[in-house]
Structure formats: C-alpha cells, structure tokens
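model the structure of this input:
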Amino acid sequence: MSESEPALKERGKVIRDPVHGLIPLRPDETYLLALINTPEFQRLRRVRQLGVSNITYPGAEHTRFAHSLGVMCFAGRILDHLRLRYRTHVEIIGLINDHEKTIKAAALLHDTGHGPFSHAIERAFRATASHERRTALIITDPASKVNEVLRCQQIDPDQVRAVIDGTFPVHFLRDIVSSQLDADRMDYLLRDTLMTGVEYGRYDAEWIIHALCLGLDPIQPRDLRNPRHLRLCLDRSRGVHAAEQLIVARMHMSYQVYYHRVTRGWEAHLLCMFRLAHELAVSGLLPVSTPKVVSAFFRQDGALEHSAFLAFDEPQMISAFHAWADHVGADENTRKLCELASAFLRRRKLFGTTEIPGSDPMQASYEKLLSLKDSGKIEGVDYYHDNARFKGYKDFGSSVVHEGTDEDPLVDGSEGIFLADGEPYSHSTIPVEKDSRALIAPALIRRDMVPLNRVFELIHPSCQMAPCN
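Below is the predicted model:
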C-alpha cells in the first residue's frame, strides 16, 4: 500500500493529545493520514515548537508535529460548527463542503517549512527569514511527497498554499487558518501555556468556537451578497470578552514566554555561533566532523535543496554542536566556536543583558556602539542587538485594504477580530475595538506595545569575538 493511500478502519482513527484529548480522523479522511505519513510532516517531530525555550522552561519540549495536529483539530471543529450553524444557507454549506479538504490540509501543513529552533533560525540568514516561503515550496514542489499526496487525493496544492499565505478567495475559510482568530493561534496558546507550566495563555476556547459566526467584511459594499467575502467573526452578543481574553493571552505569552529575556539571550548566543560557523564554513575551516547537511547550510547562506532540508533538523544541529565542542583546533575562530558550542550544550551563560529604554532601535543601537567604543570594548566584544517589536492585536484601522467586487474575488480582507450578529449579509460586522462594551482591546491597540530593546554582550573573558549584530 502506498504512502498516499493509507488505511483507516471503519471507526476511523484517534490520536491522543494533551490539549485536545483525542484528535479524530474520520474514515473518509485518509488524505490527512497520508499527509501525516509524509517525510516532510514527520520531520516536524524533530523540530521543537518553542526553539530554545526549553532552556528557560524545562517542559517546553513539545514539537511542531504535535502543534500542527492540534491546528488541524481546531480547524475541523470550526468547520463543523459553521456547517451546523448555517445548515440552511446552501451557498455557505456548499463552500465548506467543496473546500473542507483544502482547509484541513492547510491547517495540518502550515508549519512544515520551519527549521531547527523554529523562529530563532529565521533570523540567521535571508534564505531562512520566512518559514512560510519554505512551506509554500514544500506544498507546491513536485519533488515533495506532500505535493504528491495532495495531487493523488485531488487537492489543489496551489489552493492549499493560498490558504496559508492569505490569498485564498473564500475569506471566511481562509480566516480559519490565517487570521487573528485562527486555529493556529488557538492551539499554540493553549499548548505552549500547558507545556511551559505558566498560566498566561489560557482562554475559553470552547466558548470561542461556540460563539463563531459569519459576517460581511466591513470594507465590502452593503449590497454585495457574495459568500466568498464573508469573514469569520464572533457573535456580538457573547463574543466580546472571549476576544479580549484571546488578545490578552497572546500579549502575556509574548512578554512572559516568547520574548523572555533568558530565552532571547540564548537565541542571541545561537545567532552569534551561527555567524561564526558561517564564516568558517565559507573559508573551509568548519570542523570536518560537522554533519554534511549542517555544513551545507552554513556554506550556502542557509539555502538548502528540498532533499537536504528533509534532513535538516534539531538532532543534526545538536550533533554539530557536539562536534564543535569536542574539536581541538589551532585556528582562533575555531576555538571560539568550540567555546560557544560547549557553553550552549552545558547551559553556561556567556552573555549578559543590557536593557535599552526607548522605541528607536537604530538610535539605541548607535548609542550602544558608542558606549562600547568609549569603554574600549568595541574590539573583541561579541554582541547581539535584539529589538523585538510586538503588538498584541492588529486593529482594523491599521490595515491597508481596498474594496472588492464580484469581479475581484482576490480582494484583500481587512485586519482585526470582528463581531457580527450571526446573519451573514446583515453588514453589522464591526471590529472588536469598536464595540462599546469592549474594555481591554481598545487600550491595547491605541498605542504600539513598547519594544523589547536589549543588547546581549559577551561577558566570558576567555572568549573574545568581533561584533555580530
């Protein structure tokens, strides 16, 4: 039996999960099992969801594999809820039934392009800056098993890609996977808060699903009754506080977990080590015991062919760190690489953190450089300037939108979490921040979140390096 045609028993299949309990696969969902069994998706077992956060939170060992299954589960539940709520709207039910496979496949595959250490490695090279671009390649490349399964199952790979990158023409279906009220956000907040052991990311997921409805995008003309332009909304009578709870959960998780000072410090450590490994790889001085795919990654500025990317995971990177830590070389840069790798593996902190007040990263960076120069430290000091701008919620007013017509099915939708009365074409849809009962959301979006502006400086006396910012 081929990978594209796995078997499901008459009762289907269930997958145990710490967040969802049981994730079901129906007997007619063999396409999902086939996608799960592809090498591209199985690779996600070897990529942790939160990168190096496990150094700060020991329980954060969960993977992109488990998260992706959770997103698929939430997406399926949202589709089932909408199918039940709008069972008398033939045109809406038709769109859900026609595109259900596409939406679930997109929910499952949305993170397949992530590299080792997840978002941290996206800051290493221009070629790694967007895991979404790599995901799109995996889905559309005829050389990938994912693409083969999709085509075998009569699912258009280009439509799956469009759902993930936000260009899918049916807006409310696109919102399920790519929006501020999507299945991705709903899963990672609950999963990350559970696995890190914090409480910041909890919100009422059951109530949010129960309150989901459809409404016409505020930018659309009042007389436009095209179901493709409907948006995923929350029922205005009961969704305001659920929306605020989700926004606040994301904001608190970002400050307390995702941008935690210690975690970002270890990411800075990694990035400085990657910079040095790149220099050694280009000059042919990277230790020969480095795994081949890791050597290729640094030698080629992060660009890898599909077959090599399948082998590029965290075990390979950790293996490289061990090889570097054990390497004895006469070259100064090789010794520096050995020091950084050894410190990472043993959790020996080499970097100290300096918080920089203010919201101008360029000015802050310049002032820090002057400070280092004036103190005589500019030569031989390794540092990483970390400016993390974060906004807990993108409001409707910050969006760049244009009105669409029936002749323009790919019209860009507006940003925001929307409230509606549940009648799809009543045009009573409003952004949550415009609701008179909203208490927290307006306060969050009236100003940008204060940037987390830090410099991580090398403090270990035995390892002095040139700047790498």
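
could you tell me how far the host helix or strand of I93 lies from the centre of the chain?
Element membership of I93 [criterion: DSSP states H and E] is helix 90-109. The chain centroid and the centroid of helix 90-109 are separated by 22 Å, computed with CA atoms, centre = their mean, to the nearest Å.

in the next helix or strand after that helix, what's buried?
The helix or strand immediately downstream of helix 90-109 is helix 131-140, counting by DSSP H and E. Residues of helix 131-140 classed as buried under the neighbour-count rule (16 or more other CB atoms under 10 Å) are H131, E132, R134, T135, A136, L137, I138, I139. Every residue, glycine included, has its C-beta placed from N, CA and C.

give the rounded mean pLDDT of helix 131-140.
With pLDDT averaged residue by residue, helix 131-140 scores 95.

my read: A242 touches L212, true?
No - between A242 and L212 no contact is recorded; they are 9.8 Å apart, counting by CB atoms under 8 Å.

where does the protein dip in pLDDT?
Across the chain, the stretches falling below the confidence threshold (pLDDT under 70) are 1-7, 221-224, 357-366, 368-370, 372-381, 398-413, 438-451, 459-469.

let me see the ranges of the strands in this protein.
Chain-ordered strands for the chain, with DSSP state E as the definition, fall at 13-17, 21-25, 212-216, 230-235, 351-355, 383-388, 418-420, 430-431, 452-458.

partners of the fourth one in the sheet?
For strand 230-235, the pairing partners within the sheet under DSSP bridges are strand 212-216 (antiparallel), strand 418-420 (parallel).

off-centre distance for the longest one?
Centroid separation for strand 212-216 versus its chain: 25 Å, with CA atoms, centre = their mean.

in that strand, which residues are buried?
By neighbour count, and taking 16+ other CB under 10 Å as the criterion, the buried residues in strand 212-216 are L212, C213, L214, G215, L216.

repeat for stretch 86-100
Neighbour-count burial for stretch 86-100, counted by 16+ other CB under 10 Å, picks out Y86, H89, I92, I93, L95, I96, H99, E100.

of all the strands of the chain, which one is nearest L246?
Ranking the strands of the chain by their distance to L246 (criterion: CB to CB) puts strand 230-235 first, at 9.4 Å.

that closest one to helix 90-109, inter-axis angle?
Compare the direction of strand 230-235 with that of helix 90-109 by axes from the mean of the first three to the mean of the last three CA atoms, to 10 degrees and you get 90 degrees.

quick revisit: quick one: closest of the strands paired with strand 230-235 to G352.
Counting by CB to CB, G352 lies closest to strand 418-420 out of these; the figure is 44.8 Å.

residues contacting that closest one, please?
Counting contacts by CB atoms under 8 Å, 6 or more residues apart in numbering, the residues outside strand 418-420 that touch it are 213-215, 217-218, 231-236, 239-240, 243, 426, 428-432, 435.

go again using 7 Å as the cut-off
Strand 418-420 has contacts (CB atoms under 7 Å, 6 or more residues apart in numbering) with 213-215, 231, 233-234, 236, 239-240, 428-432, 435.

and if you look at stretch 171-181?
Outside of stretch 171-181, the residues within contact range by CB under 7 Å, 6+ apart are 75, 78, 95, 99, 103, 106-107, 110, 163-164, 166, 168, 182-184, 214, 217, 228-232, 393-394, 413, 415-417.

and stretch 293-304, by the same measure?
Among residues not part of stretch 293-304, those counted as contacts by CB under 7 Å, 6+ apart are 124-125, 127-128, 277-278, 281-282, 286, 308, 311-312, 316-317, 320.

OK, contacts around the residue nearest to I208 when sequence neighbours are not counted?
In space, and not counting its chain neighbours, I208 is closest to A242: 4.9 Å by CB to CB, 6 or more residues apart in numbering. Contacts of A242 were listed using CB under 7 Å, 6+ apart, and they are D204, W207, I208, A211, L234.

that older thread, which stretch among the strands paired with strand 230-235 comes nearest I155?
Between I155 and those, the shortest separation by CB to CB is 23.6 Å, and it involves strand 212-216.

perfect, that will be all.
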